[in-house]
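Novice: My questions concern the predicted model and sequence given below.
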Amino acid sequence: MSAQVQTRYTADDLERIRRRAEYAERAFELHDGEIILMSPTSALSSLIATRFGNALFNFVETHDLGYVIGADGTFVLDAHTVYVPDVAFIRKARLSALPARYFPFAPDVAVEVLSPTDSVRQMQRKALRYLKAGTALVWLIYPDERAADACHLAADGSLNLQPIEADGYFEGGALLNGFRLSLADLFRNLPPAESESGRDA
């Protein structure tokens, strides 16, 4: 009996699946040919992603550096990898014309906000794939812990994680020279969480 061969999907396969009526309201990513059904994000994760995106957008627009993409932007890193970051930045020089549907390259900067169904290992795996595809900087944000990591590609090709301390900052480095957002400001003045019963805690 021959062994069953697991299908390794491509970006084109993913596009065909997305066009099916039963998947019209669903979001997908593709990692190493494996289709990942994305779960709805939490209210906290969505709020944090929006706050970060607004801060980055204001900086990028003020300095005319390029474009900030929200949570609907889809990036094809390679034939078998398609990601939808919560926030992304593309340098102006790289985008002479808007693609019809997907961005056919990795973003210059990607921001991923942990959702309840994500794992830290999954987030780090994605960060490494972004970096190996050409992304210069990935920020990983963990809303429940009010913590974050700045990710770069190490010289040996591994993931270089730099935790952002409680009194620390997201800093753009050479790519976003002058961008500085404190971790404390990102999480400041959040509304109270609800209890399990749905009432205010």
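Specialist: Perfect, I can see it now. Numbers count the residues shown, from 1 in each chain.
Novice: Need the three-state assignment for residue 28.
Specialist: strand (DSSP: H, G, I helix; E, B strand; the rest coil).
Novice: actually residue 192, sorry about that
Specialist: Strictly by three-state DSSP, residue 192 counts as coil.
Novice: Going along the chain from the biggest helix by length in the chain, find the next helix or strand for me.
Specialist: Residue-count comparison of every helix in the chain, with assignments taken from DSSP state H, identifies helix 43-63 as the longest. Downstream of helix 43-63, the next assigned helix or strand under DSSP states H and E is strand 66-69.
Novice: Show me what that next one is packed up against.
Specialist: Judged by 3 or more C-beta pairs under 8 Å, 6 or more residues apart in numbering; DSSP states H and E, strand 66-69 is in contact with helix 43-63, strand 87-91. The C-beta positions use only the backbone N, C-alpha and C, and glycine is treated the same way.
Novice: Show me the contact partners of that strand.
Specialist: Contact partners of strand 66-69, identified using C-beta atoms under 8 Å, 6 or more residues apart in numbering, comprise 53, 56-57, 60-61, 85, 87-95, 103, 107-108.
Novice: Narrow those to just the buried residues.
Specialist: Buried subset of the contacts of strand 66-69 (neighbour count, 16 or more other C-beta atoms under 10 Å): 53, 56-57, 60, 85, 87-91, 103, 107-108.
Novice: Which secondary structure element of the chain has the lowest mean pLDDT?
Specialist: Every helix and strand in the chain was compared by mean pLDDT, DSSP states H and E; the lowest is helix 11-18, with a mean of 74.
Novice: residues of that helix that come out buried?
Specialist: Residues of helix 11-18 classed as buried: 11, 13, 14, 15, 18 (neighbour count, 16+ other C-beta under 10 Å).
Novice: Where does pLDDT dip in this structure?
Specialist: Under the criterion of pLDDT under 70, the regions of the chain flagged as low confidence span 1-6, 21-26, 195-201.
Novice: mind redoing it with 50?
Specialist: Counting by pLDDT under 50, the chain has low-confidence residues at 1-5, 196-201.
Novice: For residue 134, which non-adjacent residue is spatially closest?
Specialist: Closest residue to residue 134 apart from its sequence neighbours, by C-beta to C-beta, 6 or more residues apart in numbering: residue 106 at 4.5 Å.
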